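# what follows is a predicted protein model with its sequence.
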Amino acid sequence: MIYSITLNPSIDYVVTSDQLFLGRVNRLTETTKLPGGKGINVSRILQALAVPTVALGFLGGFTGDFIKNALKADDLPCDFTPIAADTRINVKLRAESETELNAPGPRITDDEQHTFITALTERLQPGDVVVMAGSLPPDLPASFYRDLIPAIHTAHAEFVIDTTGQALLDTLADHPLVVKPNHHELAALFNDAPYPSIEATVQAGRKLLTLGAQHVLVSMAGKGALLIEADRAYHGNTKPQQVINSVGAGDSMLAGFTGRLTAGATPLEAFKTALACGSATAYSQDLATREKIDDVLATVTVKEV
Ligand SMILES: Nc1ncnc2c1ncn2[C@@H]1O[C@H](COP(=O)(O)OP(=O)(O)O)[C@@H](O)[C@H]1O
Ligand SMILES: O=P(O)(O)OC[C@H]1O[C@](O)(COP(=O)(O)O)[C@@H](O)[C@@H]1O
């Protein structure tokens, strides 16, 4: 079973405007509300790939109810810990370019934190994978993800982590199954300027393997992604289509790789599915459907670099 953890879910309020003028009234041409949050997105793509998953985390208030109902309508297995405060709303503004306004998130009490940790640890079985993804609401200690790792390992389960900065570096010695920074996050991890070439990006990504990660992907938005192994690396991409909404593309990529890898695929095969899932989401209004993923998978190209 693959459990996703979304400590800070969101309603993604996707709004479209022809142009955006700061300091003036802007009239929107379209609005959509989607259940969001990195772990939830991972579970939704795993479900599309028919990989067994349960989405865990915190949900509260009318916004939490919206997400719960949306996931229920899609039959996505969930077991969220209820909280008293309202789950956040993130605004995704599509004008000439995409702008994201992500809220800090609600208060999580000590009792709510304990309820969540107990629920997670009671579920874990040998062979399970826990995907920990996204930001932490302000009340949770920065070490919250790292503190879950001993219980995951005690249960003979593995973890995948999608976070940034020191919080990510702090987990590498515990051998995450997969990490997938994007190229900006990778440079920020090592206080580097943007990498000038694929070779420089591969070199930096390889440091994550040396520090303990089992599998490393580096995503580069429209420029595709890298699969970096100890002795070789691959660059892959998909045939360009119109980009409709790239929110959740990274989560989709992580889900595609983790889902296929844990089902027994080779890292290279899993990478191809990951590329298809990431781009298929970028080419869709919401997260990709299975049909769209299969369609894009047929266009994936990968070469050793
Ligand atoms: N504009 C795009 N065109 C095609 N594929 C894309 C586009 N944006 C994202 N993707 C695919 O999704 C993957 C993850 O997207 P990226 O933006 O790098 O991740 P994140 O959302 O984590 O920053 C990319 O590596 C690529 O395969
Ligand atoms: O937890 P964070 O870092 O604030 O990010 C939450 C946001 O990230 C998303 O999960 C999308 O993530 P990606 O575009 O990086 O794949 C949105 O659904 C959500 O609004």
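Yes, it's here. Numbering: from 1, shown residues only. Ligands and ions are numbered 1, 2, ... in the order given.

# where along the stretch 151-300 of the chain do the helices fall?
Assigned by DSSP state H, counting those that start in this stretch, the helices in the stretch 151-300 of the chain fall at 165-169, 183-189, 198-210, 249-262, 267-282, 290-297.

# output these in CSV; the columns should cover mean neighbour count.
Using the backbone N, CA and C atoms, a C-beta is placed for each residue, glycine as well. Putting the helices of the stretch 151-300 of the chain into CSV (neighbours: other Cβ atoms under 10 Å) gives the following:
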stretch, mean neighbour count
helix 165-169, 15
helix 183-189, 19
helix 198-210, 18
helix 249-262, 28
helix 267-282, 26
helix 290-297, 17
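
# pull the residues that contact the helix or strand hosting Asp79.
Asp79 is part of strand 78-83 when elements are defined by DSSP states H and E. Contact with strand 78-83 is made by 9, 43, 54-61, 64, 68, 71-72, 106-109, 112, 115-116, 119, 123, as judged by Cβ atoms under 8 Å, 6 or more residues apart in numbering.

# 10 Å instead, please
With Cβ atoms under 10 Å, 6 or more residues apart in numbering as the test, strand 78-83 has contacts from 3-4, 6-7, 9, 35, 40, 43, 53-61, 64, 67-68, 71-72, 87, 106-109, 111-120, 123, 137.

# which stretches of this protein form strands?
Per DSSP state E, the chain carries strands over the ranges 2-6, 10-16, 30-36, 53-60, 78-83, 88-94, 98-101, 129-133, 158-162, 216-219, 225-228, 233-237, 301-304.

# could you name the helices and strands sitting against the second one?
This points to strand 10-16. If contacts are counted by 3 or more Cβ pairs under 10 Å, 6 or more residues apart in numbering; DSSP states H and E, strand 10-16 sits against strand 30-36, helix 38-48, helix 61-73, strand 88-94, strand 98-101.

# what sits against Val131?
2-6, 38-39, 42-43, 46, 53, 55-56, 158-162, 176-178, 251, 254-255, 258-259.

# what's the answer for Glu30, then?
Residues near Glu30 by Cβ under 10 Å, 6+ apart: Val14, Val15, Thr16, Ser17, Arg94, Gln285.

# in the chain, which residue is closest to the centre?
Taking Cα atoms, centre = their mean, the centroid of the chain lies closest to Asp251, which sits 2.9 Å from it.

# my read: it touches Gly37, true?
Yes: if you go by Cβ atoms under 10 Å, Asp251 and Gly37 touch, sitting 8.7 Å apart.

# now for these two: what residues contact both?
When contacts are counted by Cβ under 10 Å, 6+ apart, Asp251 and Gly37 are jointly contacted by Ser4, Thr6, Ser43, Ala133, Gly134.

# quick one: the residue of the stretch 201-305 of the chain found nearest ligand 1 from ligand 2, how far?
Proximity of the stretch 201-305 of the chain to ligand 1 (Cβ to the nearest ligand atom) peaks at Gly250, 2.0 Å away. Distance, Gly250 to ligand 2, by Cβ to the nearest ligand atom, to the nearest Å: 3 Å.

# could you do Arg123 as well?
With the distance defined as Cβ to the nearest ligand atom, Arg123 ends up 22 Å from ligand 2.

# leaving out sequence neighbours, find the closest residue to that residue.
Nearest non-adjacent residue to Arg123, counting by Cβ to Cβ, 6 or more residues apart in numbering: Tyr3, 6.9 Å away.

# bridging residues for that neighbour?
In this entry, Tyr3 is beta-bridged to Val54, Val130, by DSSP bridges.
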